[in-house]
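Undergrad: compute the structure for the input listed below.
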Amino acid sequence: MADDGLLVDIGDIRQRLQDLVAQEARHDDELSELLNGKESVECRIASLHRISPKLGKLHKQAQSLNDMVGKTCALAKNVSSKVRELDLIKGRLQETIERVEDVIGIRDCVNGVWEALKEDNYEEAAQHIHRYLSFDTSLLESEGQGSEYSEDGSTLSLQEAHEKVKNILHEKFDEAANSANEADVDKYFVLLPLVNQRAEGLEKYGRFLSYQLLQKQSNPASDQYASRIASLVESVAVTIKEKSPLIEKSCGKGNLLPVLQMIQSQCDSIGVQIVEAFIQKRELQTVVKEETTLTSRELDGLLSELAAIMQRAEIYFQFLRSHIASELEYLRNNADGTETPYGLNMLQGEFATRIQALTGDYLSLEQRSLNYSIKKALELNTREGNSKTSSLVDDTFFVISKSARRAMSTFSANCFCAMVNSICATIEQQYIKIFQDQLQPLWQSGLADLAAAAFSARRNTSEATLGDLMVTLNNLDKSAEFTRILHNELHRRSKELYKRSAKSESEKIQSCLADIKNSSAKKLEDLLGDGISQICNKSLSPKFKSMAEAMSGYTLSEEDLAAQDTGSPFITDFIAQMRQMLCGYEASLLPGPYETLVATLTDDIVKQLERAIFKHQFNKCGAIQFDVDLRILSGYISSLTQWSSRDKFVRLDQIAQLLCSESLKEAQECCKDSQVWRLTSTEIKNTLALRREFSNGDIEALTI
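TA: This is a model prediction of the structure:
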């Protein structure tokens, strides 16, 4: 904007005047605000004038407090230095007291150890030496240089006493070990760690216990090898249980492993000798190679003996494994940087290797026994009286169950799993093949004639063949049932026997057992289902097809409907023929196969009736009659079995429901719940087209 003196334009002058007036108004407002705050400012100034004398007094007091705090700080520093000096003096005094006590202790050790040796009190002497060894080495060095005891040679005297006590304890231990005096051996073993002979003591003690283990083996010429193995491992277990607390108390926890190593080494040696004697006496290798033939009774006895030997060994290995694992766990948690040379590898000795080899021989012989027993059961297969099954099933599953329980008794998860897998393979390959071989010629002999023999009064040569067929199907059903029972029994018993096994072993066992139920039993059931399907498809289904095609029209008057309240002639005749056809099967089959037969036939009957329906026309009364007939047929089939046939008749029931509708609108309302409706929209319209009262045009116009 131009300077005010240069304004010449009237517009600029007026604008400048307005700006000045506005500025004057703002200044007036600011001045008014300042004047309005005058009283408040004056009150604050008055307050400051009143406080001013007090601030001066407060300043003096603060200065005084500062001087006092400074003096207190200086005093605290002085006291603190005095306290530190006192602490240092106290510490030195405590060290002096302890040193004096140690010096007195050394003198007591010198006097006490020789006095104890004079009295042959080796326990007390060992305690004095142990106390001497616990002294600080610097103290012992100082005592050997310039102290009053150095003149008497206290340190040298203690060293001499240490050597003497150590040698005496070793001599006494050896004397006790040679005389088999277990009490004295334990006594001197406990003293050896006190004189810094822990490692040597453990080695001597381990050798003694190993020798004792050898001496405890009675009657080495006995041919009761399972008992000898049991005696061996029980002796080892008892020794470990009895001596572990003594070793832990005298040498500390974590020092059992060297002793276990020596005991296990001796156990390996004795165990291998027993196993070798067993193999030679029983001629095991020639039996395994089938160079020597055993009777079934002799083979069963050999298998039982093998299982007993394996059981004793496995229990021992589990016992030893738990002790080794416990020691290793402690050493890991309290590691001092050194690695122990001992571990679970001590369980991989020659004895364990021989037991593993025996396990392989056992499984081979058990499989051979199983195969022979099944073959023998087939040769002796008989049917007693009116029994619906033959002896094959009971005999076979008796030996299978016996083999499984015997393998389980070994307590070896690997052996048991291998046997379970072998049983599954035997059932699925060898045992099932027996039934396949029995069924194949029956299918080829003509099932129509067999079915005719079942529901007719004729007696001819096909009756025997039919009986064989029924027995075979019953045997399959019974076999599937026994397989499930076997699975449940083994599952329950394995849970008890292997409850302390590792999680991986338990999971492996349960996985193998699951194959019995999910694979073996299912294959038996599948073969049974195939047999039932063959009967239905080739024999019964054609009959039911012709029966369903005999359905007459359902165009009835109200009088006809009232006269057929117990069912139409068609359904009455249908049920009568069905009863006649099934009576022979009901008498010959077990409940399981019979119900499977009825279920398979029901599926076929439903399909045949559904096809027949769409060949006829219905009026309202006919639809009601058809609904009644369905209920009668469904009720009759349900009475034949333990299950309800309602699910199988769902589609037919829905067809009847549509046919019985009063109007198309009502039928449309019925179809709204698509989740439970089994018929497609096309099938619904085709069904409604069967009603004479409904026009095709209206049906096509429906939105479903």
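Undergrad: packing partners for the longest helix that the chain contains?
TA: Counting residues, the longest helix in the chain under DSSP state H turns out to be helix 38-118. Counting contacts by 3 or more Cβ pairs under 8 Å, 6 or more residues apart in numbering; DSSP states H and E, helix 38-118 is packed against helix 122-133, helix 137-143, helix 148-152, helix 154-178. The way it works is simple: take the backbone N, C-alpha and C, and place the C-beta from them, glycine included.
Undergrad: quick check: closest non-adjacent residue to residue 602.
TA: Take residue 602 and drop its neighbours on the chain: the residue closest to it by Cβ to Cβ, 6 or more residues apart in numbering is residue 648, 5.0 Å away.
Undergrad: same check, this time on residue 364
TA: Distance criterion Cβ to Cβ, 6+ apart; nearest residue to residue 364, sequence neighbours excluded, is residue 288 at 5.8 Å.
Undergrad: pLDDT score for that neighbour?
TA: Residue 288 carries a pLDDT score of 90 in this model.
Undergrad: coming back round to it: average pLDDT across the longest helix of the chain?
TA: For helix 38-118, mean pLDDT rounds to 77.
Undergrad: wait, residue 592 sits on residue 477?
TA: Yes: in this structure, residue 592 is within contact of residue 477 by Cβ atoms under 8 Å, at 4.3 Å.
Undergrad: neighbour count: the two, which is higher?
TA: residue 477 (26 against 17; other Cβ atoms under 10 Å).
Undergrad: what pLDDT does that one get?
TA: So, for residue 477, pLDDT stands at 94.
Undergrad: give me the buried stretch members for the helix or strand harbouring it, please.
TA: Assessed by DSSP states H and E, residue 477 sits inside helix 462-497. For helix 462-497, the neighbour count (16 or more other Cβ atoms under 10 Å) marks 462, 465-484, 486-487, 490, 494, 497 as buried.
Undergrad: equivalent analysis for stretch 522-529, please.
TA: Within stretch 522-529, the residues that count as buried by 16+ other Cβ under 10 Å are 523-525, 527-528.
Undergrad: now, these that are in strands?
TA: Using DSSP state E, no member of the buried residues of stretch 522-529 sits in strands.
Undergrad: among those, which one lies nearest to residue 54?
TA: Distances from residue 54 to the buried residues of stretch 522-529, taken as Cβ to Cβ, are shortest for residue 525 (106.3 Å).
Undergrad: list the contacts of the residue nearest to that closest one when sequence neighbours are not counted.
TA: Distances taken as Cβ to Cβ, 6+ apart place residue 480 nearest to residue 525, at 4.9 Å, with adjacent residues excluded. Residue 480 makes contacts with 521, 524-525, 528, as judged by Cβ atoms under 8 Å, 6 or more residues apart in numbering.
Undergrad: quick check, nearest of those to residue 429?
TA: residue 524 (12.4 Å).
Undergrad: pLDDT value on the residue nearest to residue 525, please?
TA: The model's pLDDT for residue 480 equals 94.
Undergrad: where does the most centrally placed residue in the chain land on pLDDT?
TA: What sits nearest the mean C-alpha location of the chain, by Cα atoms, centre = their mean, is residue 507, with 4.8 Å. Looking at residue 507, its pLDDT stands at 89.
Undergrad: you'd agree it is in a helix?
TA: Yes: remark: residue 507 belongs to a helix, assigned using DSSP: H, G, I helix; E, B strand; the rest coil.
Undergrad: relative to residue 678, how far out is it?
TA: Per Cβ to Cβ, to the nearest Å, residue 507 is found 42 Å from residue 678.
Undergrad: likewise residue 478?
TA: Using Cβ to Cβ, residue 478 is found at 36 Å from residue 678.
Undergrad: ok, now residue 183?
TA: Applying Cβ to Cβ, the value for residue 183 to residue 678 is 88 Å.
Undergrad: those two - which one has more neighbours?
TA: In this view residue 183 and residue 678 are compared by other Cβ under 10 Å, and residue 678 has more residues nearby, 11 against 7.
Undergrad: what's the nearest residue to the more buried one if we skip its chain neighbours?
TA: Excluding its sequence neighbours, the residue lying closest to residue 678 (Cβ to Cβ, 6+ apart) is residue 651, at 4.9 Å.
Undergrad: burial count for that neighbour?
TA: So residue 651, with other Cβ under 10 Å, has 16 neighbours.
Undergrad: three-state assignment of residue 383?
TA: Going by three-state DSSP: residue 383 is coil.
Undergrad: can you give me every residue that contacts it?
TA: 389-391, 471.
Undergrad: distance between the ends of stretch 423-432?
TA: Taking Cα to Cα, to the nearest Å, stretch 423-432 runs 12 Å from one end to the other.
Undergrad: contacts for it next, please.
TA: With contact meaning Cβ under 8 Å, 6+ apart, stretch 423-432 is reached by 367, 370-371, 374, 396, 400, 403-404, 479, 483, 512, 515-516, 519-520, 523-524, 527.
Undergrad: what subset of those is buried?
TA: Buried among these by 16+ other Cβ under 10 Å: 367, 370, 374, 396, 400, 403-404, 479, 483, 512, 515-516, 520, 523-524, 527.
Undergrad: so what's the residue count around residue 549?
TA: By the criterion of other Cβ under 10 Å, residue 549 has 12 neighbours.
Undergrad: now do the contacts for residue 64.
TA: Residue 64 neighbours (Cβ under 8 Å, 6+ apart): none.
Undergrad: and it, how far is that from residue 57?
TA: As judged by Cβ to Cβ, residue 64 and residue 57 stand 11 Å apart.
Undergrad: so for stretch 215-233, mean pLDDT?
TA: Averaging pLDDT along stretch 215-233 gives 81.
Undergrad: would you put the C-alpha positions of it in CSV?
TA: Output of stretch 215-233 as CSV, limited to C-alpha atoms (Å, rounded to 0.1, in the frame of the first residue of the first chain):
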residue,chain,number,x,y,z
GLN,A,215,28.4,-118.8,41.9
LYS,A,216,24.7,-118.5,42.3
GLN,A,217,23.9,-120.4,39.1
SER,A,218,22.8,-123.7,40.3
ASN,A,219,22.6,-127.0,38.3
PRO,A,220,24.2,-125.7,35.1
ALA,A,221,23.5,-129.1,33.5
SER,A,222,19.7,-128.8,33.8
ASP,A,223,17.7,-128.8,30.6
GLN,A,224,15.1,-126.5,32.1
TYR,A,225,16.5,-123.6,30.1
ALA,A,226,13.7,-121.1,30.7
SER,A,227,14.1,-121.7,34.5
ARG,A,228,17.9,-121.2,34.2
ILE,A,229,17.4,-117.9,32.3
ALA,A,230,14.8,-116.8,34.9
SER,A,231,17.2,-117.7,37.7
LEU,A,232,20.0,-115.7,36.1
VAL,A,233,18.1,-112.5,35.4
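Undergrad: just the buried residues of that stretch, please?
TA: Applying a neighbour-count criterion of 16+ other Cβ under 10 Å, one finds 225-226, 228-233 buried in stretch 215-233.
Undergrad: save the residues you listed as JSON lines, and put in secondary structure too.
TA: Converted to JSON lines, the buried residues of stretch 215-233 look like this (three-state DSSP):
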{"residue": "225", "secondary structure": "helix"}
{"residue": "226", "secondary structure": "helix"}
{"residue": "228", "secondary structure": "helix"}
{"residue": "229", "secondary structure": "helix"}
{"residue": "230", "secondary structure": "helix"}
{"residue": "231", "secondary structure": "helix"}
{"residue": "232", "secondary structure": "helix"}
{"residue": "233", "secondary structure": "helix"}
